[in-house]
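Asks: pasted the sequence and its predicted model underneath.
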Amino acid sequence: MTYGNLAPDRYPPVSKLLHWLVALCVLITIPVAVWMGRAPEGPLQDGLFNLHKSLGVLILILVLLRIANRFIAGAPAPEPGIERWQRAASSAVHGLLYVLLLAMPIVGYVANSAFGASTPFFGLFDLPPIVGKNEPLSEQLFMLHRWSGYLVAALVVMHVGAALQHYFVHKDGVLQRMLPRALGGR
């Protein structure tokens with residue numbers, strides 16, 4: 001399916017924008033998560049937790065928008081010459097990233113609520129608690145959230161590595177399909 005008058009071998013501008021916004025948020029969230037766990041208790045740690053929670057809510061919103069955009073705008077056909085197993089691996093990694101980037105913020109939000117903590121959105125407002133206080137539940141959910149984060153980090157490394165391999169080794173157009181035109185994208 002094409003979007004507007006764009007050729008079927010490239011992603012539409014809105015798809016690219018949403019991809020890179022999610023990528024930026026994830027790439028900020030991962031080190032913030034590590035740093036917040038190691039920071040001494042106090043205002044710095046509180047600020048890092050609030051930033052992490054806010055970014056999580058933003059990631060959830062952006063991923064929902066990405067999914068809606070994908071249904072509306074579609075995606076280009078697979079790059080010619082990509083082997084079947086590579087397309088399958090790519091689909092699996094992308095699918096798992098979508099599932100985790102939807103589930104993680106929700107699990108974090110429920111865990112936060114069960115812990116009795118607020119879930120702020122960049123100081124603009126706090127999301128209301130979704131469940132009552134239940135610290136044993138919050139501990140289990142925070143552990144699930146943490147391990148899902150490790151999996152997301154691993155998948156991001158695989159995703160970036162594959163994109164760079166296509167660009168530098170295979171010298172095909174896989175990466176350029178998602179790059180903005182200003183950076184050499186199609």
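Replies: Received the coordinates, thanks.

Asks: what about residue 27, distance to residue 79?
Replies: As judged by CB to CB, to the nearest Å, residue 27 and residue 79 stand 24 Å apart. Bear in mind the C-beta positions are built from the backbone N, C-alpha and C, glycine included.

Asks: ok, those two, which is more surrounded?
Replies: residue 79 (18 against 13; other CB atoms under 10 Å).

Asks: okay, now residue 145: neighbour count?
Replies: 22.

Asks: right, and it touches residue 112 too?
Replies: No. Between residue 145 and residue 112 there is no contact under CB atoms under 8 Å: 9.4 Å.

Asks: residue ranges with poor pLDDT in this structure?
Replies: Segments of the chain classed as low confidence (criterion: pLDDT under 70) are 1-8, 182-186.

Asks: show me where it has its helices.
Replies: 13-38, 43-73, 84-115, 135-165 (DSSP state H).

Asks: now do the contacts for residue 172.
Replies: Residues in contact with residue 172, defined by CB atoms under 8 Å, 6 or more residues apart in numbering, are 79, 81-82, 166.

Asks: most neighbours of all these, which one?
Replies: Within the contacts of residue 172, most neighbours by other CB under 10 Å means residue 166, with 20 neighbours.

Asks: one step back: what's the farthest-apart pair in the contacts of residue 172?
Replies: Greatest spatial distance in those: 81 and 166, 10.3 Å, computed using CB to CB.

Asks: right, and residue 67 touches residue 98 too?
Replies: Yes. Using CB under 8 Å, residue 67 is in contact with residue 98, at 7.0 Å.
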